[in-house]
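A.B. asks: how would this look folded up:
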Amino acid sequence: MFDDKHMFELVRQGDKDAFDRLFRRWYPVLVAYACRFVPREDAENVVQDVMFTLWKRAAATSISSGLSSYLHAAVRNSCLNLLARNRHLDRYNSAVRMSVMEASDSLEYAGARELSALLGKALAGLSEEQRRTFEKNRFQGKKYTEIAAEEGVSVKTVEYRISSALRELRLALAEWL
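C.D. replies: The predicted model follows:
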């Protein structure tokens with residue numbers, strides 16, 4: 001069994017088997033360490049990135065304090081960078097979300113008032129039977145059978161009234177739909 005220093009020297013020379021052995025040895029240890037900072041999925045990604053960077057830059061990397069210290073420091077720093085990026089993204093997303101909500105609230109309020117007025121006007125344009133049947137179904141949540149029993153009509157009549165009411169409302173509210 002070779003020690004880490006010797007294995008890393010082989011990695012620096014491009015030995016893939018040596019890198020594979022180092023990876024298999026250090027991966028579970030480093031993932032467990034990274035889990036102290038970030039969730040497991042992120043920890044696995046961080047360790048894979050650190051190990052990939054080690055392989056890619058092995059020839060230019062000088063490790064004086066030992067491979068264990070180097071890898072632990074690299075994983076810790078990568079985790080801290082990830083946490084900082086996530087905090088920055090969270091702040092950015094919150095700021096964007098707030099500005100969009102503020103802008104849309106005023107537009108939505110004005111739009112909702114206009115739509116409500118149009119809906120009221122469109123409902124007033126329906127026949128009394130259509131409007132009453134539609135409101136019982138859509139606003140009071142009653143089922144077709146309940147409405148039919150209350151109105152003293154067949155379920156098919158309720159279906160017809162609601163479908164014709166919807167057709168007329170679609171026409172009246174076409175610019176909003």
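A.B. asks: what does the pLDDT read for residue 106?
C.D. replies: Residue 106 carries a pLDDT value of 55.
A.B. asks: what do you get for the one 3 residues further on?
C.D. replies: Each residue has a pLDDT score; the one for residue 109 is 59.
A.B. asks: just residue 59 next, same as before
C.D. replies: At residue 59, pLDDT is 85.
A.B. asks: next: the one 10 residues further on.
C.D. replies: At residue 69 the predicted local distance difference test score is 90.
A.B. asks: okay, and it sits in which element?
C.D. replies: helix 67-124 (DSSP states H and E).
A.B. asks: return the distance of the very next helix or strand once past that helix from the chain's centre.
C.D. replies: Using DSSP H and E, the helix or strand that follows helix 67-124 in sequence is helix 128-138. Centroid displacement of helix 128-138 relative to its chain, using Cα atoms, centre = their mean, to the nearest Å, is 39 Å.
A.B. asks: which ones are touching residue 150?
C.D. replies: 136, 142 (Cβ atoms under 8 Å, 6 or more residues apart in numbering). Yep, even glycine has a C-beta here, placed from its N, CA and C like the rest.
A.B. asks: what's the separation between it and residue 70?
C.D. replies: According to Cβ to Cβ, to the nearest Å, residue 150 and residue 70 sit 79 Å apart.
A.B. asks: residue 158: what secondary structure?
C.D. replies: Secondary structure assignment for residue 158 (DSSP: H, G, I helix; E, B strand; the rest coil): helix.
A.B. asks: so it sits against residue 148, correct?
C.D. replies: Yes - using Cβ atoms under 8 Å, residue 158 is in contact with residue 148, at 4.9 Å.
A.B. asks: please say which of those two ends up with more neighbours.
C.D. replies: A count of neighbours by other Cβ atoms under 10 Å puts residue 158 above the other of residue 158 and residue 148, at 25 against 18.
A.B. asks: and the more buried one, what does it touch?
C.D. replies: 133, 137, 144, 147-148, 151.
A.B. asks: with residue 47 instead?
C.D. replies: 27, 30-31, 34, 75.
A.B. asks: so what does it look like in phi/psi?
C.D. replies: Here is the backbone geometry of residue 47 (degrees, to the nearest 10): phi -60, psi -40.
A.B. asks: so which strand or helix has the residue nearest to it when sequence neighbours are not counted?
C.D. replies: Of all residues not flanking residue 47 in the chain, residue 30 sits nearest, at 4.4 Å (Cβ to Cβ, 6 or more residues apart in numbering). Under the criterion of DSSP H and E, residue 30 resides in helix 16-34.
A.B. asks: now do that helix: distance to the chain's middle.
C.D. replies: On Cα atoms, centre = their mean, the centre of helix 16-34 falls 32 Å from that of its chain.
A.B. asks: other residues contacting it?
C.D. replies: Here helix 16-34 makes contact (Cβ under 8 Å, 6+ apart) with 2, 4, 7-8, 10-11, 40, 42-44, 46-47, 50-51, 54-55, 58, 67-68, 71-72, 75-76, 78-79.
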